[in-house]
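> Sharing a model that was predicted from the sequence below.
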Amino acid sequence: MAPDALKAACLDLNGAEETFPFGPEASVFKVGGKIFALSALDAVPLKVSLKCDPEVAVRLRQEYPAITGGWHLNKRHWNTVTIDGSVPDRLLREMIEDSYDLIVAQLPRRQQLVLDWPGVAAHAGSGDAG
């Protein structure tokens with residue numbers, strides 16, 4: 001996956017925005033003001049850090065050497081993927097979507113509704129009136 005495709009995959013998600021709180025070289029992708037992806041899009045090799053379910057994170061790290069614990073992040077909840085062709089683009093897109101979903105699931109229900117998030121029905125009984 002090329003840098004422009006990575007950026008597009010992040011920004012194609014409802015409500016996603018690109019910010020630069022750590023300087024112009026680090027793209028930080030957020031939804032609802034919370035980070036779901038980080039990448040230095042000009043870096044070689046290209047890498048992206050994504051939030052991940054802890055059990056899935058461990059499994060992915062075991063299966064793909066290019067997936068490691070999140071660099072400068074909580075390694076239990078974040079993976080860093082070196083985009084070197086060894087991780088299929090389809091899996092990388094799924095990881096981006098999963099990261100986004102983990103963040104949106106924590107947002108108030110009213111924000112989930114505004115984002116037209118498909119998971120809002122599954123979380124309707126979570127007790128968050130928004």
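Cool, got the structure. Everything numeric here is computed off the predicted structure, so don't read it as measured data.
> only C-alpha atoms for contact and neighbour calcs from this point on.
OK.
> could you pull out the helices for this protein?
3-11, 54-63, 89-104, 109-114 (DSSP state H).
> Let's have those in CSV, adding mean neighbour count and distance to residue 70.
Output for those, formatted as CSV (neighbours: other CA atoms under 10 Å; distance: least, CA to CA, whole Å):
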stretch, mean neighbour count, distance to residue 70
helix 3-11, 16, 17
helix 54-63, 14, 10
helix 89-104, 18, 13
helix 109-114, 16, 26
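> Figure out which of those helices is closest to residue 44.
Nearest to residue 44, of all the helices of the chain, is helix 3-11, at 10.2 Å by CA to CA.
> Now the closest one: average pLDDT?
Helix 3-11 carries an average pLDDT of 97.
> Between helix 89-104 and that helix, find me the angle.
Taking axes from the mean of the first three to the mean of the last three CA atoms, to 10 degrees, one finds helix 3-11 and helix 89-104 inclined to each other by 40 degrees.
> Thank you kindly, that will do.
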